[in-house]
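Novice: this is a predicted model, with the sequence first.
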Amino acid sequence: MSGATIHVVGAGVAGLSAAVRLADEGCRVALYEAAGAAGGRCRSYHDQTLGLMIDNGNHLLLSGNHTALDYLDRIGSRGKLQGPSAAIFEFADLKSGERWRLRPNDGRLPWWLLDPRRRVPGAALHEYFAPLGTLRATARTSLRDVMKCFGPLYDRLWGPVLLAGLNTDPPEGSALLAGAMLRETLAAGGKACRPLIAVDGLSACFIEPALACLAARNATVRLGQRLRGVEFAAGRAVRLDFGPQQTRLSEEDAVIIAVPPFAAQELLPDLQAPDEFRAIVNAHFRVAPNRDQPQILGVVNGLSQWIFAYPDRLSVTISGADRLLDVSREDLATAIWREVAALGGLGRELPPWQIVKEKRATFAATPIQNARRPPARTRWRNVVLAGDWTQTGLPATIEGAVRSGYRAASIVLEGRGKAGVRTAAGLPREHDA
Ligand SMILES: Cc1cc2nc3c(=O)[nH]c(=O)nc-3n(C[C@H](O)[C@H](O)[C@H](O)COP(=O)(O)OP(=O)(O)OC[C@H]3O[C@@H](n4cnc5c(N)ncnc54)[C@H](O)[C@@H]3O)c2cc1C
């Protein structure tokens, strides 16, 4: 390629996947990240209180997340994801003490529903078809408009699954987003919903191998570089302002803005983007789990929602956790540990713990917020957006973030004549579908 540089701003999963794809295609890539480390909302760090490497939050992938898995193939780290060879989800009900295993069969035809041992106890067969209502979804419909958001199966399956996927109280969630998520996973059969976890940590799986891959392709990666402003002229970006360092853009250069929505709005005038967010709280306990502790345990009728077991710790995820932001960390740790200890057969004494509150973990997956998501193309010829909050058709997930990164990279590549018509500034003119 000519002397053009593709400047990727933001080294979360979206920016990294865009950068890796472009570098794979032989583009000269410069990646900038405001923080001292790459990874954004998907990262590991050494926690001093625990004396352990932990993740900012437990992240679950499903085997139907094809684009995320392609990204891991590209950076050579798919092997760092672990999970059972079949779709098996263990659940416990804290109120009734019941335990069960959900075991969908591999294929699309859901014959597992005919076997009560594979289903949720106490729920009627017809309740499994409640999400079919999402087929009627429009841009304005909430889940409560198209499916019954109560009843035994809602409490024990649909509620927990949809809350985890949307990070938004399901009744107010976008029926379109919920439908898209379910179509690609549960409705596609067990082969698409094997749970996968980065057992050695998020950074070791999603971030560090990507940085190594970029280094091997001579991409420049600058950490601790916050983009403070963009100068525009004649319909294109002409200068990137990193404070002391200013980068003038050539006619051929392009920019991918892969920062969170509130940061993108500061950089790009008049950008409409989601502006309502939902929190996720994670509790980490330094304790060796008992041997029979499942790798992932869904919890019903408790404060805890999902318990993840690692060799050196138990970590609990609570989505849609805005109501907990004002609860003291000590109170949260004590209340969550009580549940974890009861379910895991562990002593009541609180082990070393850490509470991580991610206030703006994801945009609120409501119809109104979904409608605010912008397409990848912007009104500036050489500026493209990426991020889980752009129009991916999915809730804010790793799968969505990677798709957005790939999409941004494709738009840049199309503009470079790899496909489509090249414009003066290197980007094609047609609009996103
Ligand atoms: C606690 C938690 C649990 C989650 N669980 C799951 C899960 O189980 N499964 C799943 O699929 N997804 C999960 N997610 C969502 C997933 O983490 C995100 O969808 C994904 O990481 C978003 O990546 P991104 O690149 O779009 O954004 P980000 O990760 O936010 O990356 C944006 C980057 O831009 C940088 N930046 C900001 N401003 C500037 C600037 N001006 N200049 C330069 N850089 C800048 C930021 O520092 C950041 O590194 C979870 C998220 C959280 C927080």
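Specialist: Received the coordinates, thanks.

Novice: and the stretch 1-150 of the chain, which of its residues are near the ligand?
Specialist: Applying CB under 6 Å from any ligand atom, we find that the stretch 1-150 of the chain lies next to the ligand at 9-15, 32-35, 40-42, 56-57, 59-60. Heads up, the C-betas are built off the backbone N, CA and C, glycines and all.

Novice: quickly find the element holding the nearest residue to Pro171 once chain neighbours are set aside.
Specialist: The shortest distance from Pro171 to any non-neighbouring residue, by CB to CB, 6 or more residues apart in numbering, is to Arg144 (3.9 Å). If you go by DSSP states H and E, Arg144 is part of helix 143-146.

Novice: and the next element down the chain from that helix?
Specialist: Using DSSP H and E, the first helix or strand after helix 143-146 is helix 152-153.

Novice: by contact count, what packs against the helix ranked longest in the chain?
Specialist: Ranked by residue count, the top helix of the chain under DSSP state H comes out as helix 398-415. Other helices and strands packing on helix 398-415, by 3 or more CB pairs under 8 Å, 6 or more residues apart in numbering; DSSP states H and E, are helix 13-24, helix 66-75, strand 254-257, strand 383-385.

Novice: could those go into a markdown table alongside distance to Trp353 and mean pLDDT?
Specialist: Shown next, in a markdown table, are the helices and strands packed on helix 398-415 (distance: least, CB to CB, whole Å; pLDDT from 0 to 100):
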| stretch | distance to Trp353 | mean pLDDT |
| --- | --- | --- |
| helix 13-24 | 27 | 98 |
| helix 66-75 | 30 | 98 |
| strand 254-257 | 37 | 98 |
| strand 383-385 | 38 | 98 |
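
Novice: for Arg226, give its distance to Lys95.
Specialist: Distance from Arg226 to Lys95, counting by CB to CB, to the nearest Å: 47 Å.

Novice: residues in contact with Val281?
Specialist: Each residue near Val281 by CB atoms under 8 Å, 6 or more residues apart in numbering is listed here: Thr317, Ile318, Ala321, Leu324, Leu325, Leu332, Ile355, Val356, Lys357, Glu358.

Novice: surely it forms part of a strand?
Specialist: Yes. With DSSP: H, G, I helix; E, B strand; the rest coil as the criterion, Val281 is located in a strand.

Novice: what's across from it in the sheet?
Specialist: Ile318, Lys357 (DSSP bridges).

Novice: again, but for Phe89
Specialist: Beta-bridge partners recorded for Phe89 (DSSP bridges): Leu102.

Novice: that one touches Gly298, doesn't it?
Specialist: Yes. With contact defined as CB atoms under 8 Å, Phe89 reaches Gly298; the gap is 6.0 Å.

Novice: so what's the residue in the stretch 101-250 of the chain that the ligand sits nearest to closest to, chain neighbours aside?
Specialist: In the stretch 101-250 of the chain, no residue comes nearer to the ligand than Leu227, which is 3.8 Å away by CB to the nearest ligand atom. Distances taken as CB to CB, 6+ apart place Val9 nearest to Leu227, at 4.8 Å, with adjacent residues excluded.

Novice: based on its surroundings, how many neighbours for that neighbour?
Specialist: For Val9, the count of nearby residues is 26 (other CB atoms under 10 Å).

Novice: thought it was touching Tyr32?
Specialist: Yes. Counting by CB under 8 Å, Val9 touches Tyr32, with 5.1 Å between them.

Novice: what do these two both touch?
Specialist: Shared contacts of Val9 and Tyr32 (CB under 8 Å, 6+ apart): Leu227.

Novice: quick one on the thing from earlier: residues of the longest helix of the chain that come out buried?
Specialist: 398-415 (16 or more other CB atoms under 10 Å).

Novice: so which of the residues of the stretch 1-150 of the chain next to the ligand are in helices?
Specialist: Val13, Ala14, Gly15.

Novice: excluding chain neighbours, what is closest to the last one?
Specialist: Looking back up the chat, that one is Gly15. Ala258 (3.4 Å).

Novice: the ligand contacts on the stretch 201-350 of the chain?
Specialist: Neighbours of the ligand within the stretch 201-350 of the chain, by CB under 6 Å from any ligand atom: Arg226, Leu227, Ala258, Val259, Pro260, Ala263, Ile280, Asn282.

Novice: can you do 8 Å?
Specialist: Counting by CB under 8 Å from any ligand atom, the stretch 201-350 of the chain comes close to the ligand at 225-228, 242, 258-260, 263, 266-267, 280, 282, 317, 319.
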